[in-house]
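Asks: Using only what follows, build the 3D model:
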Amino acid sequence: MEFIEIERKEADKAAWLEKRKHYITGTDAAKLLGLSPFGSIFDVWLDKTGQAPEFAQSAAMRAGTAFESAILKMYAEDTDAKLEHVDGYNLVTCDKYPRLGASLDGWNHSLGIPVDAKNIRWKDEKWGDAWTDDFPDYYKTQLQVQMMVTGAKFAHLAVMFSGQDFNIYTMEYDEELAQQILDASEAFWPYVENSEMPEASGSESTSNYIKEHFAECTPDKEKEPDEELAKNVEAYVKASEEEKSAKARKDEAGNRIRVFMGEATVVPGFCTWKNNKGKTETDWEAVAKAAMENMSVLEREELVAKYTETKPGNRTLRITAKGF
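Replies: Below is the predicted model:
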């Protein structure tokens, strides 16, 4: 076993992030294919067009980065491989697939394959036995892109569950998935080149973009409907009715559970009903009134005016069509 640690230079991060905007990575591909729990095609578009909000790493992401080297070392020990912990700020590309790029975690020099390291909270039903390809499709897409840009015929996924359960998974090159990634990438890229917004989805990023860019309407401006609008209005109405019905059923079942429990805290194996931790609240309106008691009317008006700002009201979507 030989483990090679490559220094990751923070100075290279900005250039790496900028270069990523011009390629589809494994995480991007998963979003384009609708396989990612962390975003959609809209998130990819925002990123590639430089409109994505500033990214802040979560605690889980920071932990994954911190434990990456340790996970790869365990992999090297278990496989007796010559393993390189590669520079994560180096985007690997190739001439055969000029649209794709990948940032590798590790490279197994003994086998000539990429090794991806993951720190997972717990092993649920999505994960199968070690040394199989029975793991979430989201990660398979990442490995597939890594294989495509490196020319490898298979790849390994080194996973640490719950900080103590170490497993290695394997995946062979998947021609069908590779073609899906290529097709999705080619279909998506014109949105970037033409600065054209992709079809809206229900993702949080889409909603935030709409709130920011269409915050105010033009009074009395009208637009002619089309078949696509009629289809979406019908879908919206039906979904709203289903949502109301589901909420009513949920509220009824919940209240019956609460009545059954009464003052009990837990029904073993079924549910709990506990008080959350108490919180302290300040009545700032009362504080302001008390602070202004000895002010003159003019002083009060000037103080209020100083901290008063008029903002546009939220736009509310109301369906006026009938017959659905």
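Asks: And the residue positioned nearest the centre of the chain, its phi and psi?
Replies: What sits nearest the mean C-alpha location of the chain, by CA atoms, centre = their mean, is F38, with 2.2 Å. Reported as degrees, to the nearest 10, the phi and psi values for F38 are phi -110, psi 10.
Asks: go on, A155?
Replies: The phi/psi pair for A155 (degrees, to the nearest 10) is phi -150, psi 160.
Asks: now swap in K82 and tell me
Replies: The phi/psi pair for K82 (degrees, to the nearest 10) is phi -90, psi 110.
Asks: Let me know the pLDDT of it.
Replies: Looking at K82, its pLDDT reads 96.
Asks: What of E2?
Replies: Predicted confidence (pLDDT) for E2: 88.
Asks: Distance of the closest residue to it other than its chain neighbours relative to I113?
Replies: In space, E2 comes closest to K82 once its chain neighbours are excluded; the distance is 4.3 Å by CB to CB, 6 or more residues apart in numbering. Backbone N, C-alpha and C define where each C-beta goes, glycine included. Going from K82 to I113 by CB to CB, to the nearest Å gives 12 Å.
Asks: what do you get for Q180?
Replies: 21 Å.
Asks: what about those two, which has more around it?
Replies: It is I113, of Q180 and I113, that has more neighbours when counted by other CB atoms under 10 Å, with 21 against 17.
Asks: Need phi/psi at the more buried one.
Replies: phi -140, psi 150.
Asks: I'd like to check which residues are in contact with it.
Replies: Counting by CB atoms under 8 Å, 6 or more residues apart in numbering, I113 makes contact with 107, 147, 150, 152-156.
Asks: Now do the same contact list for the residue nearest to the centre of the chain.
Replies: The contact partners of F38, by CB under 8 Å, 6+ apart, come to 27, 31, 138.
Asks: gap between it and T27?
Replies: Counting by CB to CB, the gap from F38 to T27 is 7 Å.
Asks: now do T218
Replies: Where T27 is concerned, T218 sits at a distance of 38 Å (CB to CB).
Asks: When those two are compared, which one has more neighbours?
Replies: T27 (21 against 6).
Asks: which residue sits closest to the more buried one, ignoring its sequence neighbours?
Replies: Per CB to CB, 6+ apart, closest to T27 is Q142, 6.3 Å.
Asks: what secondary structure does the one you found sit in?
Replies: helix (DSSP: H, G, I helix; E, B strand; the rest coil).
Asks: Not counting stretch 196-207 itself, show me its contacts.
Replies: Stretch 196-207 is contacted from outside by 39-43, 45-46, 52, 188, 190-191, 209-210, using CB under 8 Å, 6+ apart.
Asks: and those, which two are the farthest apart?
Replies: Farthest apart among the contacts of stretch 196-207 by CB to CB are P190 and I210. That separation is 21.3 Å.
Asks: Surely D78 is within a strand?
Replies: No - applying three-state DSSP, one finds D78 to be helix, outside a strand.
Asks: didn't it look like it was pressed against M160?
Replies: No - counting by CB atoms under 8 Å, D78 stays clear of M160, with 11.9 Å between them.
Asks: what touches both of those two?
Replies: The contact sets of D78 and M160 overlap at F166 (CB under 8 Å, 6+ apart).
Asks: what about those two, which has more around it?
Replies: M160 (20 against 14).
Asks: S69 is in what secondary structure piece?
Replies: Using DSSP states H and E, S69 maps to helix 59-79.
Asks: ok, back up a step: just the buried members of the contacts of I113?
Replies: Neighbour counting with 16 or more other CB atoms under 10 Å marks 107, 147, 150, 152, 154-156 as buried within those.
Asks: CA atoms of stretch 4-23 as PDB?
Replies: C-alpha atoms of stretch 4-23 as PDB (Å, rounded to 0.1, in the frame of the first residue of the first chain):
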ATOM      1  CA  ILE A   4       0.200   9.900  -2.000                       C
ATOM      2  CA  GLU A   5      -1.200  13.200  -0.500                       C
ATOM      3  CA  ILE A   6      -1.300  16.100  -2.900                       C
ATOM      4  CA  GLU A   7      -1.600  19.600  -1.500                       C
ATOM      5  CA  ARG A   8      -4.800  21.400  -2.200                       C
ATOM      6  CA  LYS A   9      -4.000  25.100  -2.600                       C
ATOM      7  CA  GLU A  10      -6.800  27.600  -1.700                       C
ATOM      8  CA  ALA A  11      -5.300  30.000  -4.200                       C
ATOM      9  CA  ASP A  12      -6.400  27.700  -7.000                       C
ATOM     10  CA  LYS A  13     -10.000  27.600  -5.900                       C
ATOM     11  CA  ALA A  14     -11.300  30.700  -7.700                       C
ATOM     12  CA  ALA A  15      -9.800  29.600 -11.100                       C
ATOM     13  CA  TRP A  16     -11.300  26.100 -10.500                       C
ATOM     14  CA  LEU A  17     -14.700  27.500  -9.800                       C
ATOM     15  CA  GLU A  18     -14.600  29.700 -12.900                       C
ATOM     16  CA  LYS A  19     -13.500  26.800 -15.100                       C
ATOM     17  CA  ARG A  20     -16.300  24.600 -13.800                       C
ATOM     18  CA  LYS A  21     -18.800  27.100 -15.300                       C
ATOM     19  CA  HIS A  22     -17.800  25.900 -18.800                       C
ATOM     20  CA  TYR A  23     -18.300  22.200 -18.200                       C
END
